[in-house]
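Trainee: I'll drop the sequence and a predicted model, then ask my questions.
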Amino acid sequence: MKTTTNIKTLKDLGEAGIIRLIQGRVSQKLPSYVIKGIGDDSAVLETSGDRVLLVTTDTLIEGIHFTDQTLSPEALGWKAIAVNISDIAAMGGTPRTAFLSIGLKAESKASFLESFMVGFNALAEKTGIVLAGGDTVECPSHVLVTITLLGDCLPGSVVYRSGARVGDDVWVTGPLGNAAGGLFVLRNKQAGASLGYEFLVRAHQKPIPRLDMGKALGESGLAHAMIDISDGISKDLGHICEQSGVGAVLQEASIPMSSELIELAGARQKALQWALHGGEDYELLFTASTADKEKVESLTAKLSGRPAVKVGTVIPGNGIFLAQKKAKVPLEGGGYLHFCK
Ligand SMILES: [Mg+2]
């Protein structure tokens, strides 16, 4: 076991340890207008109006989150705003105002930025987001994009990660693993290799955040806890469980996967690894009372044409388990770990 004196690098701390270090160095006594600080998909701040302010920020870095092989400049613009919208959706909120900070190589073509803005605007306009500021810097080694997104919500409709209750059903709003499958196709691209898998590639490049779904689940009061799936259900369900002081069992046979993903993987069991650990699907993961099962199904079906899928149950204790045909095995959070490459 490592002792703190042996810790030399951020890799040793890991992402969770780094967040803990930062959290430990700031005042724990938050002013009363900070309803939720570090630790959820967005911060929640009180305003003088009748809605609370939601604030989230996310960064995409060339070489870590994308390469020119995996994202075109246009897809990068779309995805950079999409991942932030998804965090507002996960709170049940409505996105409003974006701030874009972008680091570019001096020799980058102007057309790179033009294409980036085409992708950014396409989704910003669709979702009513206004770009209101930001920063531009020269970054000689790689492209980096940070977006800060503000949104709002009625105070009673905000859904936190911490609200899961023992006995709740665990739901996801759509199939999992498509984005990881799409990334696999892009990374292993040989001539024509992506043919037939455009659907998976699109899931990786241009995810559609579940904004209407998040808002409706918040306003209806059906969702007790919610998060978006950015790192993989194994890791993101872990966040809900930790914050709610509960555990969960996922039913392996219920994890929704597309036929394209299973075909690409060659077997359902192999596709399951992408579905559980792949991440970047930006579907919503939420818990709701078993008594509301039908209400959840009809609300989500009305919004997207297909109902959300029940994938598990919240249990007492801690840890996440995967119920297979004959066994129940602990599920390690194998999602993407920053600083651990
Ligand atoms: Mg999130």
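Mentor: Perfect, I can see it now. Residues are numbered from 1 along each chain as shown.
Trainee: and residue 53, what element?
Mentor: strand 52-61 (DSSP states H and E).
Trainee: That strand close to the ion?
Mentor: No - Strand 52-61 lies out of reach of the ion by C-beta under 5 Å from the ion, never closer than 7.7 Å. All C-beta spots, glycine's among them, are computed from the backbone N, C-alpha and C.
Trainee: strand partners of that strand, parallel vs antiparallel please.
Mentor: Strand 52-61 pairs in its sheet with strand 43-45 (antiparallel), strand 144-153 (antiparallel), by DSSP bridges.
Trainee: okay, the next helix or strand after it in CSV with CA atoms only?
Mentor: Next along the chain after strand 52-61, taking DSSP H and E as the criterion, comes helix 73-89. C-alpha atoms of helix 73-89 as CSV (Å, rounded to 0.1, in the frame of the first residue of the first chain):
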residue,chain,number,x,y,z
PRO,A,73,-12.7,20.3,-36.6
GLU,A,74,-16.5,20.5,-37.1
ALA,A,75,-17.1,17.5,-35.0
LEU,A,76,-14.8,19.0,-32.3
GLY,A,77,-16.9,22.1,-32.2
TRP,A,78,-20.1,20.1,-31.8
LYS,A,79,-18.7,17.7,-29.2
ALA,A,80,-17.1,20.5,-27.1
ILE,A,81,-20.5,22.1,-26.5
ALA,A,82,-22.4,18.8,-26.4
VAL,A,83,-20.4,17.5,-23.4
ASN,A,84,-21.2,20.6,-21.5
ILE,A,85,-24.9,20.6,-22.4
SER,A,86,-25.0,17.0,-21.2
ASP,A,87,-23.9,18.2,-17.7
ILE,A,88,-26.7,20.7,-17.6
ALA,A,89,-29.1,18.1,-18.8
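Trainee: Pull the distance from whatever helix or strand comes next after helix 73-89 to the chain's centre.
Mentor: Using DSSP H and E, the helix or strand that follows helix 73-89 in sequence is strand 94-104. Mean-position distance between strand 94-104 and its chain equals 17 Å (C-alpha atoms, centre = their mean, to the nearest Å).
Trainee: same question, stretch 215-232
Mentor: Relative to its parent chain, stretch 215-232 has a centroid offset of 11 Å by C-alpha atoms, centre = their mean.
Trainee: ok and the residue in the stretch 1-150 of the chain nearest the ion?
Mentor: residue 41 (4.0 Å; C-beta to the ion).
Trainee: list the contacts for that residue?
Mentor: Contacts of residue 41 were listed using C-beta atoms under 8 Å, 6 or more residues apart in numbering, and they are 56, 86, 87, 88, 90, 91, 161, 226, 227, 228.
Trainee: what's the neighbour count on residue 117?
Mentor: As a burial measure, residue 117 scores 17 neighbours (other C-beta atoms under 10 Å).
Trainee: how about the one helix or strand it maps to: buried residues?
Mentor: Element membership for residue 117 (DSSP H and E) is helix 110-126. Buried residues in helix 110-126, defined by neighbour count with 16 or more other C-beta atoms under 10 Å: 112, 113, 115, 116, 117, 119, 120, 123, 124.
Trainee: Would you reformat the strands paired with strand 52-61 as TSV and include distance to the ion, mean neighbour count and mean pLDDT?
Mentor: Compiled in TSV, the strands paired with strand 52-61 are given as follows (distance: least, C-beta to the ion, whole Å; neighbours: other C-beta atoms under 10 Å; pLDDT from 0 to 100):
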stretch	distance to the ion	mean neighbour count	mean pLDDT
strand 43-45	12	19	97
strand 144-153	12	22	98
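Trainee: Kindly calculate the angle that the helix holding residue 117 makes with strand 144-153.
Mentor: Angle, helix 110-126 to strand 144-153, by axes from the mean of the first three to the mean of the last three C-alpha atoms, to 10 degrees: 10 degrees.
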